[in-house]
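Undergrad: Okay, here's the prediction I keep looking at, along with the sequence it came from:
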Amino acid sequence: MIVLGIESSCDETGVAIYETDIGLRGDLLYSQAEMHAQYGGVVPELASRDHIQRVIPLIDQLLNEADITSEQVGGVAYTAGPGLMGALMVGACVGRSLAYSWGVHAVEVHHMEGHLLAPLLEDKRPEFPFIALLVSGGHTQLIRVDGVGRYQLLGESVDDAAGEAFDKTAKLLGLRYPGGPALSKLAEEGNPERFTFPRPMVDRPGLDFSFSGLKTYARNTLQNGSEEPTIGADVARAFEDAVADTLAIKCRRALRESGLNRLVVAGGVSANQRVRLRLSEIAEKEGGEAFFPRLNFCTDNGAMIAFAGALRLQAGEHSSLAIETRARWPLSELTAVS
Ligand code: KG4
Ligand code: ZN
């Protein structure tokens, strides 16, 4: 079956074609980052307006480039949540309507399930069960995954998500939105010995995270040493090390407590090289392995939605004609597929 996937939950319009027997046939992305950068973050109303301008031309280009006609498409998958309501409604309305006019089923995809399954698009793919660390702009979650749709939440952020902490700290450092990649670039020039930031909540039992204190720590450190020219890079490095190390400590704990040794890491922050390195190290030390999506598929994209949707359509799932989108949607509410 050939499935069209549409992602529009935040500031990226992503479209892709996944064919169940073959794999990914094409994917295209339009990022609105440049537009939102002028405002220092995502402006929801502008995001919705931009998605509606981009999505149809992008789908048209995708089908042309992949040499696929609309008659060949067997199903449409769209992100139905969690995310910005207006932005979600664009992808949902377009996806649902295309499916209706083409006479095929449509299926709602949970954005975080898309991220979680993205590493399965790679040649080196993990077997179930595994521990997943989802680290995006809106979520930091540790999940036990026993199959598609079989998710048990083990821990999550009690305040800022890891990506959000990157973005806010980047802002303090005077960096442009999106802050994560910019902070990471600055950190390369930083001295790792200069500052040591706390590893929040690692001395307490459990698998929850708290990253908002690191931003305050960064602010105070910057104020105390604001005269020095390398302070920004040194703070960026200390911050990045603290986040990577905290994630690693909690992942190791989750692996030990579950008795599993496969670790899947996905979501925007999984594009961070220091995070990838630290998490690979701990998984290997536990006798296992860490799995990541390719860099383009760490951040939002249409491929992960086409893929997750294809698995659900294949299992006979589909949405009703009434379009429903959700700003919040716990992963645990999804139905098991395999
Ligand atoms: O998964 P994603 O594209 O969107 C959400 O679902 O939220 O994640 C975006 C987040 C942003 O906070 C961004 O700053 C962060 O991922 N991010 C990074 C890097 N690339 C993206 N954070 C640190 N290092 C990176 N290289
Ligand atoms: Zn995302």
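TA: Yep, it's here. Not measured: the values here are computed from a predicted model. Ligands and ions are numbered 1, 2, ... in the order given.
Undergrad: Tell me which other helices or strands the helix of greatest length in the chain touches.
TA: As assigned by DSSP state H, the longest helix anywhere in the chain is helix 231-258. Judged by 3 or more C-beta pairs under 8 Å, 6 or more residues apart in numbering; DSSP states H and E, the packing partners of helix 231-258 are strand 130-135, strand 140-147, strand 150-156, helix 162-172, helix 179-187, helix 212-224, strand 262-266, helix 273-285. For glycine as for every other residue, the C-beta is placed from the backbone atoms N, C-alpha and C.
Undergrad: ok, now which ones touch residue 73?
TA: By C-beta atoms under 8 Å, 6 or more residues apart in numbering, residue 73 lies in contact with 2-4, 17, 63, 102, 104.
Undergrad: What distance do you get for the closest residue to ligand 2 within the stretch 101-250 of the chain to residue 114?
TA: Minimum separation of the stretch 101-250 of the chain from ligand 2 (C-beta to the ion) falls at residue 136, amounting to 4.4 Å. From residue 136 across to residue 114, the span is 10 Å (C-beta to C-beta, to the nearest Å).
Undergrad: Which of those two has more residues huddled nearby?
TA: Using other C-beta atoms under 10 Å, the more surrounded residue of residue 136 and residue 114 is residue 114, with 28 against 23.
Undergrad: show me what contacts the more buried one?
TA: 7, 79, 304-305, 307-308.
Undergrad: hang on, the earlier thing: so which of the helices and strands packed on helix 231-258 is the most surrounded?
TA: Most buried of those, by mean neighbour count (mean count of other C-beta atoms under 10 Å): strand 130-135, with a mean of 28.
Undergrad: where does the residue of the stretch 1-150 of the chain at minimum distance from ligand 1 fall, helix, sheet strand or coil?
TA: Closest contact between the stretch 1-150 of the chain and ligand 1, by C-beta to the nearest ligand atom, is at residue 137 (2.8 Å). Counting by DSSP: H, G, I helix; E, B strand; the rest coil, the backbone at residue 137 sits in coil.
Undergrad: For residue 166, see how far away it is.
TA: 8 Å.
Undergrad: likewise residue 156?
TA: 17 Å.
Undergrad: and the two most separated of the contacts of residue 114?
TA: Pairwise distances across these peak at 12.3 Å for 79 and 307 (criterion: C-beta to C-beta).
Undergrad: who's more crowded, these two?
TA: Relative neighbour count places residue 79 above the other of residue 79 and residue 307, with 32 against 28, counting by other C-beta under 10 Å.
Undergrad: right, and that one touches residue 10 too?
TA: No: taking contacts as C-beta atoms under 8 Å, residue 79 lies outside contact range of residue 10: 9.4 Å.
Undergrad: And the closest residue to residue 202 other than its chain neighbours, what's its pLDDT?
TA: Among residues not flanking residue 202 along the chain, residue 249 sits closest, at 4.8 Å (C-beta to C-beta, 6 or more residues apart in numbering). pLDDT recorded at residue 249 is 98.
Undergrad: just residue 229 next, same as before
TA: At residue 229, pLDDT is 88.
Undergrad: and it, that one's in a helix?
TA: No: applying three-state DSSP, one finds residue 229 to be coil, outside a helix.
Undergrad: Residue 181: what's it in contact with?
TA: residue 271.
Undergrad: Could you check how far it is from residue 21?
TA: 35 Å.
Undergrad: about what we covered before: point out the ones among the contacts of residue 114 that are inside strands.
TA: If you go by DSSP state E, these have 7, 79 in strands.
Undergrad: filter the contacts of residue 114 by proximity to ligand 1?
TA: When C-beta under 6 Å from any ligand atom is applied, no member of the contacts of residue 114 is adjacent to ligand 1.
Undergrad: Now the contacts of residue 114 in CSV, please, with extra columns for distance to ligand 2 and pLDDT.
TA: Formatted as CSV, the contacts of residue 114 follow (distance: C-beta to the ion, whole Å; pLDDT from 0 to 100):
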residue, distance to ligand 2, pLDDT
7, 8, 99
79, 9, 99
304, 9, 99
305, 10, 99
307, 14, 99
308, 12, 98
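Undergrad: Return the member of the contacts of residue 114 nearest to residue 143.
TA: Out of the contacts of residue 114, the member with the shortest distance to residue 143 (by C-beta to C-beta) is residue 308, at 14.4 Å.
Undergrad: What does the pLDDT read for the residue nearest the centre of the chain?
TA: By C-alpha atoms, centre = their mean, the chain has its centre lying nearest to residue 267, at 2.4 Å. On pLDDT, residue 267 comes in at 98.
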